[in-house]
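Participant: Here is my input, please return the structure:
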Amino acid sequence: MPSIIQFQAFSGVNEFTPFAFLLEIDGFCILLDCGWDEQFNLQYIEELSKIVPRIDCVLLSHPDIYHVGALPYLVGRMGLDCPIYATSPVYKMGQMFMYDLYQSRHDYEDFDMFTLDHVDAAFDKITRVKYSQTLILKGKGEGIKLTALCAGHMLGGCLWKIMKDEEEIVYAVDFAPKKERHLNAISLESINRPHLLICDMLNATYNPPKRQSRDLELMTTIQQTLRAEGDVLVAMDTAGRVLELAYMLDQLWQNKESGLNNFGVCILNNVAYQSLDFAKSQIEWMSEKLVKNFESNRQNPFAFHNVQLCHSIAELKKVKSPKVVVASQPDLECGFSRSLFVDYARNPKNTIILTYRTGAGTLSRFLGNNPKITKLTMDVKQRVPLEGMELGDYLDKKRQELADKALREQEAREEAELKAAEMEADMEMPPDEKDISLADTELALYIRPYSRLPFHLLKRGPKPNAMYRFEREHRTKDEFGVSVDVEGMKSKLKVINKGVEVEIAPKPIDSRASQMSKFGAQNLKMEDDQDMAEEAPTKCITTPVVVDINALIKFIDFEGRVDAESLQKILAYINPKRMILVHGTAQTADAVGTFATTQMTMKSEHIFYPEIHQLIDCSSETHIYRAKLSDAFLRDVQWKTVKGGQMALVHCKAWYREPVADREEASEFDIPMLVAHDPNVPTLEPAAPKKFLLPPTTLVCNNYKLSDIQKFLRGKGVYSDFLSGALVCNNCVVISKTQSGKLSVQGPFSVDYYKIRKLLYTQFCVF
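Facilitator: Coordinates of the predicted model:
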């Protein structure tokens, strides 16, 4: 049965914006990616947070910020709690992206959008899948199948094929049409004319240079700069495209003809070691050439011989110059790339290479649009340790917090000890000392005499005495029944401590109050200062700096996305019935739309260009609607079972319900609660009966197949076989399908003819 498919974009409609789309299939909501931009736009997140309770699952296609950036915020701050599906490299490398982003922002400013705990909590919810592995959903998503297919571009990047009954939906963004050094190309073998294709059109009018030309330009630029005793800064991502670049540089340094053996090359980010370790363990996700080489020679392509890994500027200074530094982040908004840009830009011998086209408002985008700029005023933010009065105020505040915390813990321990002592005393009290009840014979009232006050009415000091009619015996033996020799232990400890007698006493309660009473406030202050010195309190400062840009700034496209020519070939190969185009401009939309209507013979009404928050109905049947059924409606409907479902022909009226205050019980303590009703979903009520109502025409359900009819007739004892595309039954009745899809039954008037026609009407005709 056809499904109701709706699509809504929350971000990713325009170029260089994060991806976040909501796909709804028969009420089951799937969030396709949940990225975030470089500026951390909260307005987009606020709109996305409104649908968090509706989201039933999340599909992640790539590990970079534009695809997973908002996931920690949605899970940690907005309470997103649903299954999340991604490939194993997206799971691991996505964590590296988020760790490095958080640390880069934390070193740059007071960043509180999410924490590392939020990152861990978000990625712990991910269910890892393999390429071509089919996931069959249950529960609310019954009948929906999810399959991840190779997309290239980044390690573990995938397309998502979503199946519901016979309808196929393909989500394909940021894919690569050609093989690279460590990645395979996009996989399209299992995609066959899908009902709906969600595709990005970023490069529909852009043809980046070929890989050979790009690599030659990069190698030439590096060689010229290093031989001129200059350094090269390459702004790159954390754990995505940097793997392709690092593998290329290591091979280039191994080639003796390049003459680069005497120069340094390093990767600088907060998770460089972890990213490369993960890459070493993900060989099966890489290109076939690397897999075969690893199986035959046991050589791991990411066991680098020349590329060094650095986690800080201090480690970078140990690398010999001139050198090539591949630093994160590609937008130059934070991280090591921004810090090094201020230093490298002033030297005319240096070269700064930009590898990504980033979003509007970023420093990288500004430099790409203004390559000949010579002077730039920018804010340099950094984290510095506290000094002077600020440090003293911080230590006093921290000390007070520690004292208050210790005091609260001490009070809680004392209360727990008192309650435990009372419970133990009640259990050990002899029977004759229990409460005695006095009976009044006249009124037959049982009065309990005064014994003990309730626990919460007692005011006790820090060390209360037992308030019972017996004394507890102090234990002189341990748990194993062995007597404790206190004097013997004292003599042994005296020898061990070289004559310093140690008094054995009950261990004092570890609290700030007891320490102050024993050692004095001065000792506590010194200890607190020492503890807080280890924490190294810091603050973030902003300094406006005028940077003289004397270095060469060059853009070399290392994105690894599809080009315009390849995009047209892929669209013609997939040949979808309907298409939603995202992540582009008006020019790219016109280019893809013109190609689809002229070369692919698609109807213009089947090509959608969504706007932000616009709801698009992509259902294959245009006359399918969702409605709520009232109780009165359900009482009078006569359902008929058809192929596992139920159908009914009704005469009703539809009306749109307003939110009203409903109460379960009419009571003065009841609080009216608004019942949420979707204003776009009508409610069906039985219509008033009419005297003259035209009889319904014959209704045939579903798009039946001749093979299904053959199976059904054979089950009823009718022999049938195919001949020239038609189904011949009992050698006298021919069943075929016309070009319009209608069923044709032909044959002489006979018992077999009427029998077969009756069986077909019974099975496929509802009314």
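Participant: Now stretch 219-237 - C-alpha only, PDB.
Facilitator: Taking C-alpha atoms only, stretch 219-237 is exported to PDB below (Å, rounded to 0.1, in the frame of the first residue of the first chain):
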ATOM      1  CA  MET A 219      53.200  19.300  -4.500                       C
ATOM      2  CA  THR A 220      54.600  22.200  -6.600                       C
ATOM      3  CA  THR A 221      53.500  24.800  -4.000                       C
ATOM      4  CA  ILE A 222      55.000  22.900  -1.100                       C
ATOM      5  CA  GLN A 223      58.300  22.400  -2.900                       C
ATOM      6  CA  GLN A 224      58.700  26.000  -3.900                       C
ATOM      7  CA  THR A 225      57.900  27.200  -0.400                       C
ATOM      8  CA  LEU A 226      60.200  24.800   1.500                       C
ATOM      9  CA  ARG A 227      63.100  25.400  -0.900                       C
ATOM     10  CA  ALA A 228      62.700  29.100  -0.200                       C
ATOM     11  CA  GLU A 229      63.100  28.400   3.500                       C
ATOM     12  CA  GLY A 230      59.400  29.100   4.200                       C
ATOM     13  CA  ASP A 231      56.800  27.100   6.200                       C
ATOM     14  CA  VAL A 232      53.500  25.800   4.800                       C
ATOM     15  CA  LEU A 233      50.300  25.900   6.800                       C
ATOM     16  CA  VAL A 234      47.500  23.700   5.500                       C
ATOM     17  CA  ALA A 235      44.100  24.300   7.100                       C
ATOM     18  CA  MET A 236      42.300  20.900   7.100                       C
ATOM     19  CA  ASP A 237      39.700  19.000   9.100                       C
END
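Participant: Quick one: residues in contact with that stretch.
Facilitator: When contacts are defined by Cβ atoms under 8 Å, 6 or more residues apart in numbering, stretch 219-237 is touched by residues 64, 97, 242, 245, 252, 258-260, 263, 321-332, 337, 340-341, 344, 347, 349-356, 364, 551-552, 554, 556, 558. (Glycine included, C-beta is placed from N, CA and C.)
Participant: Which of the residues you listed fall in helices?
Facilitator: 97, 242, 245, 252, 337, 340-341, 344, 364 (DSSP state H).
Participant: name the element Leu159 belongs to?
Facilitator: Leu159 belongs to strand 158-164 when elements are defined using DSSP states H and E.
Participant: For that strand, which helices and strands make contact with it?
Facilitator: strand 20-25, strand 144-150, strand 167-172 (3 or more Cβ pairs under 8 Å, 6 or more residues apart in numbering; DSSP states H and E).
Participant: Put together TSV for those, with mean neighbour count and distance to Ile756 on each row.
Facilitator: Listed next are the helices and strands packed on strand 158-164 as TSV, based on neighbours: other Cβ atoms under 10 Å; distance: least, Cβ to Cβ, whole Å:
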stretch	mean neighbour count	distance to Ile756
strand 20-25	22	37
strand 144-150	21	35
strand 167-172	23	31
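Participant: out of the ones you listed, nearest to Ser566?
Facilitator: strand 167-172 (12.5 Å; Cβ to Cβ).
Participant: I'd like the mean pLDDT over that closest one, please.
Facilitator: Averaging pLDDT along strand 167-172 yields 95.
Participant: Which strands and helices lie in contact with that strand?
Facilitator: With contacts taken as 3+ Cβ pairs under 8 Å, 6+ apart, strand 167-172 sits against strand 20-25, strand 158-164, strand 196-200.
Participant: For His311, which of these is the nearest?
Facilitator: Of the helices and strands packed on strand 167-172, nearest to His311 by Cβ to Cβ is strand 158-164, at 29.8 Å.
Participant: Give me the sheet partners of that closest one and which way each runs.
Facilitator: In the sheet, strand 158-164 lines up against strand 144-150 (antiparallel), strand 167-172 (antiparallel) (DSSP bridges).
Participant: where does the stretch 551-700 of the chain have low pLDDT?
Facilitator: 621-624, 641-645, 657-680, 689-700 (pLDDT under 70).
Participant: contacting residues for the spatially closest residue to Phe10 that is not a sequence neighbour?
Facilitator: Among residues not flanking Phe10 along the chain, Ala20 sits closest, at 4.5 Å (Cβ to Cβ, 6 or more residues apart in numbering). Residues in contact with Ala20 (Cβ under 8 Å, 6+ apart) are 9-12, 31-35, 44, 48, 70.
Participant: ok, now Asp81?
Facilitator: Counted by Cβ under 8 Å, 6+ apart, Asp81 has contacts 75, 125.
Participant: From Asp107, how far out is it?
Facilitator: 31 Å (Cβ to Cβ, to the nearest Å).
Participant: now do Gly94
Facilitator: Here Gly94 is placed at a distance of 21 Å from Asp107 (Cβ to Cβ).
Participant: if we can go back for a sec, what about the strand holding Leu159, average pLDDT?
Facilitator: 95.
Participant: sorry, back to before: got CSV for the strands paired with strand 158-164, with distance to Lys280 too?
Facilitator: Shown next, in CSV, are the strands paired with strand 158-164 (distance: least, Cβ to Cβ, whole Å):
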stretch, distance to Lys280
strand 144-150, 20
strand 167-172, 29
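Participant: Could you say which one of these comes nearest to Ser213?
Facilitator: Using Cβ to Cβ, these put strand 144-150 closest to Ser213, at 25.1 Å.
Participant: and the closest residue to Ser720 other than its chain neighbours, what does it touch?
Facilitator: Excluding the flanking residues, the one nearest Ser720 by Cβ to Cβ, 6+ apart is Cys729, at 4.4 Å. With contacts defined as Cβ under 8 Å, 6+ apart, Cys729 is in contact with 713, 718-720, 735, 747, 752, 756.
Participant: hmm, 6 Å instead?
Facilitator: Counting by Cβ atoms under 6 Å, 6 or more residues apart in numbering, Cys729 makes contact with 718, 720, 756.
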